[in-house]
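Novice: Okay, sequence plus prediction incoming.
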Amino acid sequence: MLNNNYSRRTFMKTAGASAAALTLQNISGFAQISTGGRKKPNVLFFPVDDLRPQLGCFGHAQMISPTIDRLASEGSLFRRAYCQVPVCGASRASLLTGIRPTRGRFIDFYTKVDEDIPGALTLPKHLRNNGYHTISNGKVFHHADDTLESWSEQPWRPKGEWVGRGYITDDNKKIALDTDYNGRGPAYEIADVPDNAYPDGAIADKAIADLRRLKDMGKPFFLAAGFMKPHLPFNAPRKYWDLYRRENIDLADNPFRPKGAPDAALHNWGELRNYIGIPQEGPLSDDLARTLIHGYYACVSYTDAQIGRVLAELDRLGLSDNTIVVLWGDHGWQLGEHGLWCKHCNFETSLHSPLLVRAPGFKGGNVTDALTEYVDIFPSLSELCGFAVPEHLQGSSFVPLMQNPDTPWKKAAFSRYHDGDSIRTDRYRYTEWRRELTRVTYMPDVQSYARMLYDHETDPMENVNIAEFPENKALVERLSMMLYDGWEAVRM
């Protein structure tokens, strides 16, 4: 998938060119079409940080996520949606521009659209250009000052009594204010406080106030409320921790390195190790792992409740019937699977992400197993809002799946992280780590330095890497070639 906006034929013509030299055309323009006099739908947009599909609507009965589960029952649930990059800055930049990552574009959490593709047409900018009032609350782009022209108002992030990464208790505030820890205290916090004592509750408050303003503004709106939990640290009001009994919290079924997995596939989960009380090397104790999983669950339920508050206000104001609601997690997250925590890798646990859409005129309870990608969100919302889909977008509108979840669809989803390019087909996940290419080739044993292959039909937990099995040589070559052929070769 290196430079995957090109087919293999195009790639072979341009082999050796640097990613910086590869440009996209017409990324600053915008399309406008008539809506035929009908009222444009509003858009309520919920990015959720580090939300994996650990939700009731995805079959996890232990999770308490009534709002998201209800939203799934009222709209379309995309059970096999994948982010393009398993890190927040790059994932959000890709999703909000509809452009895929490459070796030199959308790489890590430092990513800014203004730096990687200056002047790019973003989803909110496209809607703003077409008459929408656009508002950013909380974490939407990773950096609040990125693509400011996308918004009708200055992006807003909460300020409150918390310090550092959202600590409220006095002991944790002291740790967080210690410059040696750069704002990080313990990896979790339990406090007897109301919902809006923490940032996500304040974000819900702001979104509710905005809805009241927007109702009478006389313009369609794109309101983004980007919730920060369940991102570390796992800080949530005590009542959400109390929803779960500690003894019922399940540990990962596979807390071990997959058999045959290359070193390139693994990492030392440095994000978590930066917090107080986390060992600097080696695995977590079962006791600490259970506490962290408990904290993750509590944060999911806390954020679920904040989304519920915003949706309740949307209903109260009589706006629901003409508002598209989109909810997505920016990537997956490990909770001890493969001995890993956090994201930052090419396993299914980092790349599989929740996506739900409720739109006027579409039946509820629609569930699809079609392979969908986050770059599909921009073209889909363009179509749902009645606008022409910008030509530079590199995804496919999934509106046909909202009409018929069994519609034949794309053959693969593409993701990447640093040197590792990954493809997810109906049955397999194949990942290949490659050095910068210096000559034309698409054979996996020439330029790749590591690879892994998992058969999700027989090994859905990805516990045995079968890439080096002799009987899989032809399969590996075929999947490797699909990576080089790129996304255009498999789209519908």
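Specialist: Yes, it's here. Please read these numbers as outputs of a predicted model, since none were measured by experiment. Numbers count the residues shown, from 1 in each chain.
Novice: quick one, what contacts the residue nearest the centre of the chain?
Specialist: Centroid-nearest residue in the chain, with C-alpha atoms, centre = their mean: residue 330, separated by 1.7 Å. Going by C-beta atoms under 8 Å, 6 or more residues apart in numbering, residue 330 touches 47-51, 83, 88, 91-92, 95, 353. In this view, the C-beta of every residue, glycine as well, is placed from N, C-alpha and C.
Novice: Adding distance to residue 397 and pLDDT as columns, could you present the residues you listed in CSV?
Specialist: As requested, the contacts of residue 330 are exported to CSV (distance: C-beta to C-beta, whole Å; pLDDT from 0 to 100):
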residue, distance to residue 397, pLDDT
47, 20, 98
48, 22, 98
49, 26, 98
50, 27, 98
51, 23, 98
83, 18, 98
88, 25, 96
91, 20, 98
92, 20, 98
95, 14, 98
353, 18, 97
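Novice: wait, which of these is closest to residue 326?
Specialist: Nearest to residue 326 among the contacts of residue 330, counting by C-beta to C-beta, is residue 47 at 8.9 Å.
Novice: how close does the closest one get to residue 329?
Specialist: Distance from residue 47 to residue 329, counting by C-beta to C-beta, to the nearest Å: 8 Å.
Novice: Neighbour count for these two, which is higher?
Specialist: Between residue 47 and residue 329, residue 329 has the larger neighbour count (other C-beta atoms under 10 Å), namely 29 against 25.
Novice: Test of understanding: give the bridge partners of that one.
Specialist: residue 48 (DSSP bridges).
Novice: Return stretch 281-294 as PDB; C-alpha atoms alone will do.
Specialist: C-alpha atoms of stretch 281-294 as PDB (Å, rounded to 0.1, in the frame of the first residue of the first chain):
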ATOM      1  CA  GLU A 281       9.300  -3.200  31.400                       C
ATOM      2  CA  GLY A 282       7.700  -6.600  31.500                       C
ATOM      3  CA  PRO A 283       4.000  -7.500  31.700                       C
ATOM      4  CA  LEU A 284       1.400  -6.100  34.100                       C
ATOM      5  CA  SER A 285       0.200  -8.200  37.100                       C
ATOM      6  CA  ASP A 286      -3.200  -9.600  36.700                       C
ATOM      7  CA  ASP A 287      -4.400  -7.400  39.500                       C
ATOM      8  CA  LEU A 288      -3.200  -4.200  37.800                       C
ATOM      9  CA  ALA A 289      -4.400  -5.400  34.400                       C
ATOM     10  CA  ARG A 290      -7.900  -6.000  35.800                       C
ATOM     11  CA  THR A 291      -7.900  -2.500  37.400                       C
ATOM     12  CA  LEU A 292      -7.000  -0.900  34.000                       C
ATOM     13  CA  ILE A 293      -9.600  -2.800  32.100                       C
ATOM     14  CA  HIS A 294     -12.100  -1.800  34.800                       C
END
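Novice: Name the residues of it that are buried.
Specialist: Under the neighbour-count criterion of 16 or more other C-beta atoms under 10 Å, stretch 281-294 has 284, 289-294 buried.
Novice: Greatest separation within these: which pair is it?
Specialist: Maximum distance among those (C-beta to C-beta): 12.9 Å, for 284 and 294.
Novice: picking up where we left off before, mind checking which of the buried residues of stretch 281-294 are in helices?
Specialist: Among the buried residues of stretch 281-294, the ones falling in helices (DSSP state H) are 289-294.
Novice: Looking at these, spot the one nearest residue 107.
Specialist: Among these, residue 292 lies closest to residue 107 (C-beta to C-beta), at 27.3 Å.
Novice: The closest one reaches residue 230, doesn't it?
Specialist: No - when contacts are counted by C-beta atoms under 8 Å, residue 292 is not listed as touching residue 230 (10.6 Å).
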